[in-house]
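S.K.: Here is a sequence with its predicted model. Questions after.
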Amino acid sequence: MLFEFDELASQRARIKVLGVGGAGGNAINRMITSGMDGVEFIAINTDAQDLGSNPAETKLQIGKDLTKGLGAGAKPEIGRKAIMHDTDALKSLVAGSDLVFVTAGMGGGTGTGAAPVVAKVCKDLDILTVCIVTLPFEFEGSKKMESALKGVASMRNFCDTLIVVPNEKLISVVDNSTTFEDGFKESDAILLQAAKSISDLINKKGNVNIDFADVKSVMSGMGDAVIGAGTARGEERAVLAAQQAICSPLLDSHSISGAQAALVNITGNKRMTLMEVNAAMKLIHEEAGKGVKVIFGVRVDENMEDELQVTVIATGFNRQPIEQKEMLKERMQSSYDKQSEDLMDAPNTTLYQKNNPESGFQMDDHDHEDEVGNKEDGPTLVFDDFDQSADLDVPAYIRKQR
């Protein structure tokens, strides 16, 4: 039976990467400039100026009437309200997708507030939803970290798989000469590696191919995940790359031990041998332990020289039993629907900027912050009735400091 090329192309998994907020936009900037292909990029932001400079072909400005094209002012509640006004537009952009990556930085306004809603919209459309978020550096302050952790707790309820990258851990993998800008690029590189390794496994031909169904089997409803990547050269490159991947500082206190499943991507040039693949996979299986479902793909990339690269995404940490998860989902949905109704019934509000003689932007003398968010310390949570004090909601490196 013959297949037309356009018919085969139409059968490829439809993958979209959604960058939410400033940090999410920066992440997809790097993905685009790296030449990552086979996916569609969508930038989502309240900040019109930041959105205008984003190279993504598709852009969604949210909360136009609410923020007047400004950012969310580090208020997650504004980010949440902004996306709630534009959920129909979002649905039309992601409808028909097989896999969606939602990437954002936690701790700010738009990313923290809007990203959980973006993830929920995707999940409600039965799209495999993989969320990759960052936590702020410690020097950004405890209040921002607290807001970020609440954002992660909200994200967890609507992601099939959630990868959290603590920016603080990047300090252990850079040297003293690394610039401030390059430090954040390192964070973006981790997000790129996670998204690219998964999309390449699905849509690029390999010596050992896996398809979307394979990926879905190890990522659907799997909860927390960790990513590790390693690259090595020379005679022992396979073992060294695998060791780097499973011992990455970004794995934090997690090793891949304790995961329920793992996705492995091995890439090298045409001189990559069967014995090298065997050595790498043997090491990964030993670390993962018995009973762990491991899906792996092997791909030859002629652009690579002597190096061999291994990427491991281990899933299923802190996975909740099905019964507990369904009960929790009902509670969260009830709270979410009530807040959505309250928001839709409320009159449109406007986010004002403080008087600035230089900008020429004026506002009334009274304080408008009451119109758009709480003046109390900390953001208003999307789900106030959810117990977010559990240790499972806090990354290990934060728990160790308590």
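M.R.: Thanks, I have the structure now.
S.K.: Rank the helices and strands of this protein by mean pLDDT and give me the bottom one.
M.R.: helix 369-372 (a mean of 39; mean pLDDT, DSSP states H and E).
S.K.: and Tyr183, what is it in contact with?
M.R.: Actually, residue 183 is Gly. It isn't Tyr. 170, 174 (C-beta atoms under 8 Å, 6 or more residues apart in numbering). Heads up, the C-betas are built off the backbone N, CA and C, glycines and all.
S.K.: actually Leu90, sorry about that
M.R.: Each residue near Leu90 by C-beta under 8 Å, 6+ apart is listed here: 44, 60, 83, 118, 121.
S.K.: could I get the helix or strand it falls within in CSV with only the CA atoms?
M.R.: Per DSSP states H and E, Leu90 falls inside helix 87-94. Only the C-alpha atoms of helix 87-94 are listed here, as CSV (Å, rounded to 0.1, in the frame of the first residue of the first chain):
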residue,chain,number,x,y,z
THR,A,87,-9.9,31.5,27.3
ASP,A,88,-11.9,31.2,24.1
ALA,A,89,-9.0,32.6,22.0
LEU,A,90,-6.7,30.2,23.7
LYS,A,91,-8.9,27.2,23.0
SER,A,92,-9.0,28.1,19.3
LEU,A,93,-5.2,28.2,19.2
VAL,A,94,-4.5,24.9,20.9
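S.K.: avg pLDDT for that helix?
M.R.: Per-residue pLDDT values across helix 87-94 average out to 97.
S.K.: what comes up buried for that helix?
M.R.: If you call a residue buried by 16 or more other C-beta atoms under 10 Å, then helix 87-94 has these buried ones: 87, 90, 93-94.
S.K.: Now find how far off-centre it is within its chain.
M.R.: Helix 87-94 has its average C-alpha position 19 Å from the chain's average C-alpha position, going by C-alpha atoms, centre = their mean, to the nearest Å.
S.K.: what residues does the next helix or strand after it touch?
M.R.: The first helix or strand that comes after helix 87-94 along the chain, using DSSP H and E, is strand 99-105. Applying C-beta under 8 Å, 6+ apart, the external contacts of strand 99-105 come out as 13-24, 27-28, 39, 94, 111-112, 114-115, 118-119, 122, 127-134, 136, 159, 191, 195, 198-199, 202, 212, 215.
S.K.: Apply 6 Å and report the result again.
M.R.: Strand 99-105 is contacted from outside by 13, 15-21, 23-24, 27, 94, 111, 115, 118-119, 122, 127-134, 191, 195, using C-beta atoms under 6 Å, 6 or more residues apart in numbering.
S.K.: a markdown table for the contacts of Leu90, including distance to Leu263 and pLDDT?
M.R.: As requested, the contacts of Leu90 are exported to a markdown table (distance: C-beta to C-beta, whole Å; pLDDT from 0 to 100):
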| residue | distance to Leu263 | pLDDT |
| --- | --- | --- |
| Ile44 | 26 | 98 |
| Leu60 | 29 | 97 |
| Ile83 | 29 | 97 |
| Val118 | 23 | 98 |
| Val121 | 25 | 98 |
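S.K.: Excluding chain neighbours, what is closest to Cys159?
M.R.: Distances taken as C-beta to C-beta, 6 or more residues apart in numbering put Cys131 closest to Cys159, at 4.0 Å, once the chain neighbours are dropped.
S.K.: what do you get for Ser248?
M.R.: Closest residue to Ser248 apart from its sequence neighbours, by C-beta to C-beta, 6+ apart: Gly228 at 3.6 Å.
S.K.: In a strand, the one you found, correct?
M.R.: Yes. The assignment for Gly228 is a strand, going by DSSP: H, G, I helix; E, B strand; the rest coil.
S.K.: And the residue nearest to the spatial centre of the chain, how close does it get to Asn318?
M.R.: Centroid check for the chain by C-alpha atoms, centre = their mean gives Ile132 as the closest residue, at 1.5 Å. Distance, Ile132 to Asn318, using C-beta to C-beta, to the nearest Å: 17 Å.
S.K.: the domain parsing of this protein - what is it?
M.R.: When the chain is parsed with automatic domain parsing, its domains come out as 13-204+322-402, 223-317.
S.K.: Out of those domains, which gets the lowest mean score?
M.R.: Lowest mean pLDDT of the domains of the chain: domain 13-204+322-402, a mean of 78.
S.K.: how about Thr112, what does it touch?
M.R.: Under the criterion of C-beta under 6 Å, 6+ apart, the neighbours of Thr112 are 76, 106, 147, 151.
S.K.: let's see it at 7 Å
M.R.: The contact partners of Thr112, taken as C-beta atoms under 7 Å, 6 or more residues apart in numbering, are 76, 79, 106, 147-148, 151, 379.
S.K.: Likewise for Asp211?
M.R.: Ile202.
S.K.: Just give the closest residue to Leu283, not the sequence neighbours.
M.R.: Ala242 (4.6 Å).
S.K.: Thank you kindly, that will do.
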